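Engineer: 3D, please:
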Amino acid sequence: MLHLADVDLAQVASLLAEYGLTLSLVADGVPIPGSYWGDPEAGVIGSTVHARRDTPVHSLLHEACHLIVLPPERRAAVHTDATDSVAEEDATCCLQILLADRLPGVGRDRLMADMDAWGYTFRLGSSRAWFEHDAGDAHAWLAERGLLPPA
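Structural biologist: The predicted structure follows:
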């Protein structure tokens, strides 16, 4: 499992900032604010993604993407639980895979392996199978909102 300690935090913060988000790094051993799954998983409050060095990268990207897919007026009210639909959850999973390619040392292949190891579940059995063969609706949802990152 790839953790934040394994990647360049400045690049992570820069990527989040492109979407109007802030990375708040929490000290080791301190509870992570806004974490839906509990420590060491990332948390969200408003436009801030909270994480520690032991937070898995897939978790940080997933929670950040929950905020990215929300309109600003909904984003401001988020605390811990950021989604209210299957379409948003699918778009979040799709976008986190796409954004993994923007982080050196991460990439979609590693991210999808970590998603599967963590226990994400998809109808086709793996994140890769879902992303390559069943995520058309999620891609279209992101495209309609101008949220697909540059190729």
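Engineer: going forward, measure contacts and count neighbours with C-alpha atoms only.
Structural biologist: Fine.
Engineer: Straight-line length of stretch 111-125, end to end?
Structural biologist: Start-to-end span of stretch 111-125 (C-alpha to C-alpha, to the nearest Å) is 16 Å.
Engineer: in that stretch, what's buried?
Structural biologist: Buried residues in stretch 111-125, counted by 16 or more other C-alpha atoms under 10 Å: 111-115.
Engineer: Now do the contacts for the most centrally placed residue in the chain.
Structural biologist: Central residue of the chain (C-alpha atoms, centre = their mean): H62, 1.8 Å from the mean position. When contacts are counted by C-alpha atoms under 8 Å, 6 or more residues apart in numbering, H62 touches 92-93, 96.
Engineer: just L9 next, same as before
Structural biologist: Taking C-alpha under 8 Å, 6+ apart as the definition, L9 has no contacts.
Engineer: What distance do you get for it to P72?
Structural biologist: For L9 relative to P72 (C-alpha to C-alpha), the value is 24 Å.
Engineer: mind listing what the residue of the chain most remote from its centre touches?
Structural biologist: In the chain, counting by C-alpha atoms, centre = their mean, G29 sits farthest out from the average C-alpha position, at 21.8 Å. Listed by C-alpha under 8 Å, 6+ apart, G29 has no contact partners.
Engineer: Could you give the secondary structure assignment for it?
Structural biologist: Here G29 is recorded as coil under DSSP: H, G, I helix; E, B strand; the rest coil.
Engineer: other SSEs contacting the longest helix along the chain?
Structural biologist: Taking DSSP state H as the criterion, the chain has its longest helix at helix 86-100. Here helix 86-100 touches helix 57-68, helix 107-118, helix 136-144, going by 3 or more C-alpha pairs under 8 Å, 6 or more residues apart in numbering; DSSP states H and E.
Engineer: on that earlier part again, just curious, which of the contacts of H62 is nearest to A77?
Structural biologist: In terms of C-alpha to C-alpha, no member of those lies closer to A77 than T92, at 17.7 Å.
Engineer: Could you check how many residues crowd around L60?
Structural biologist: Neighbours of L60 under the rule other C-alpha atoms under 10 Å: 24.
Engineer: nearest spatial neighbour of it, skipping sequence neighbours?
Structural biologist: Once flanking residues are discounted, L60 sits nearest to A42: 5.2 Å by C-alpha to C-alpha, 6 or more residues apart in numbering.
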